[in-house]
Each structure stands twice: as C-alpha cells, then as structure tokens.
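K.L.:
what's the 3D shape of this:
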Amino acid sequence: MEAALVGLVGTTVGAVTGFAGAWLAQRGQMRIQQEQRAHAEQVRWLDDKKGLYRDLLIRLYGWHDSLASVMKDEDDGKLLDNRSTAYKWIVEASLISGDEVRSAVGDVHRALLHAQTVIFDDSSTADEWPLQGVEDDLSALEDALRAELAMPARVGRRPRLGRR
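P.N.:
Prediction:
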C-alpha cells in the first residue's frame, strides 16, 4: 500500500511539474511573439516616419523660403503650393508622431502663420526679421524628429509586459 501511495504522489508531482513547465514555456513563447510583433510595428512606423518627416521638413522650409522671397519683393510664386502641401504633411505627421513631434510641428505651424500675417500686413520694423521665430522652431522640430527616429520604442505608449 505504501508503494502505491508513493507511486501516486510521484505521479502527481510529475504531472504538476510537467504542466507547470509546459505553461511556463508557452507563456515565454507568447511574450517573445508579443515583442516581435511590437518591434515589427515600430519598425514599420519608423520607415513611414522617415519619408513623412523628410517631406514635412521640405515643405515647411519651402513655406519659410517663399515668405522670405515675398519679404524681399522676389516672390517665387510657390507660397500657396508650399503652404497647402505643408498642411497635408502636418496632418499626416499628427497621426503617427509622438507628443514632442506633434508639439514641435504645432509651434512651427503657428510661427509660420504669425510670420505670414506680419509679412503681408507689413507690420514688421526694419530691424526685426519676422522669420526668426520660424527658424528657431524649425531647428527645435528637427531635434524632435531626430530624437523620435533614434528611439522609436520610447515614443508614445510602450507595450507593457508581465501581469495585466
């Protein structure tokens, strides 16, 4: 009888150990798959962001340059095109970028609109350059874009592992 009890206890311990081992292995495999999916998603957005941010900066600088040419009475005729295309890229960037980039884009956008108003109202003094704020905000935007592209996993929401 004692041998049967020892056998039953041994079988029970073996079954529980086997079940626990299988459960831990499955849980580990699920975590690995979650990490792979999260990484693939970050890389996918990273590729999209590179092209988007390039196009955004080109149009924002184009808008700036068009305003500068208007100020110098050398209108390049591209203001409307640069501004409307910049709006398109601003909206696109707001959909996939992190908070810092969205904030920096908003600052540049507001600075460009303000400078445009000052230039067309001709309310600037000869000593001040109305595009200085735009240039400063463009520089800050470039820094924010570089930071987001360098560390995409830290931008926005980070996937949480472990207990839920």
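K.L.:
what's the least confident helix or strand in the chain by mean pLDDT packed up against?
P.N.:
The least trusted helix or strand in the chain, going by mean pLDDT, DSSP states H and E, turns out to be helix 2-71, with a mean of 88. In terms of contacts (3 or more CB pairs under 8 Å, 6 or more residues apart in numbering; DSSP states H and E), helix 2-71 is packed against helix 79-96, helix 99-121, helix 132-150. To be clear about C-beta, it is placed using only N, CA and C from the backbone, and glycine gets the same treatment.
K.L.:
at 6 Å instead, please
P.N.:
Counting contacts by 3 or more CB pairs under 6 Å, 6 or more residues apart in numbering; DSSP states H and E, helix 2-71 packs against helix 79-96, helix 99-121.
K.L.:
Helix 79-96 and that one, what's the angle between them?
P.N.:
Computed with axes from the mean of the first three to the mean of the last three CA atoms, to 10 degrees, the direction of helix 2-71 lies at 170 degrees from that of helix 79-96.
K.L.:
Would you mind getting the angle between helix 2-71 and helix 99-121?
P.N.:
Using the same axes, to 10 degrees: helix 2-71 against helix 99-121 is 10 degrees.
K.L.:
and helix 2-71, how far out from the chain's middle?
P.N.:
17 Å (CA atoms, centre = their mean, to the nearest Å).
K.L.:
try stretch 75-87
P.N.:
25 Å.
K.L.:
average model confidence for it?
P.N.:
Across stretch 75-87, the average pLDDT comes to 92.
K.L.:
Centre-most residue in the protein?
P.N.:
S97 (2.9 Å; CA atoms, centre = their mean).
K.L.:
can you tell me how far that residue sits from E74?
P.N.:
Shown here: S97 relative to E74, a distance of 34 Å by CB to CB, to the nearest Å.
K.L.:
Now do the least confident helix or strand of the chain against helix 132-150: the angle between them, please.
P.N.:
Using the same axes, to 10 degrees, helix 2-71 lies at 160 degrees relative to helix 132-150.
K.L.:
related to what we said a few turns ago, out of the helices and strands packed on helix 2-71, which is closest to A22?
P.N.:
With CB to CB, the closest approach to A22 among the helices and strands packed on helix 2-71 belongs to helix 79-96: 39.6 Å.
K.L.:
Now do that closest one: distance to the chain's middle.
P.N.:
16 Å.
K.L.:
Please identify the buried residues of it?
P.N.:
79, 82-83, 85-86, 89-90, 92-93 (16 or more other CB atoms under 10 Å).
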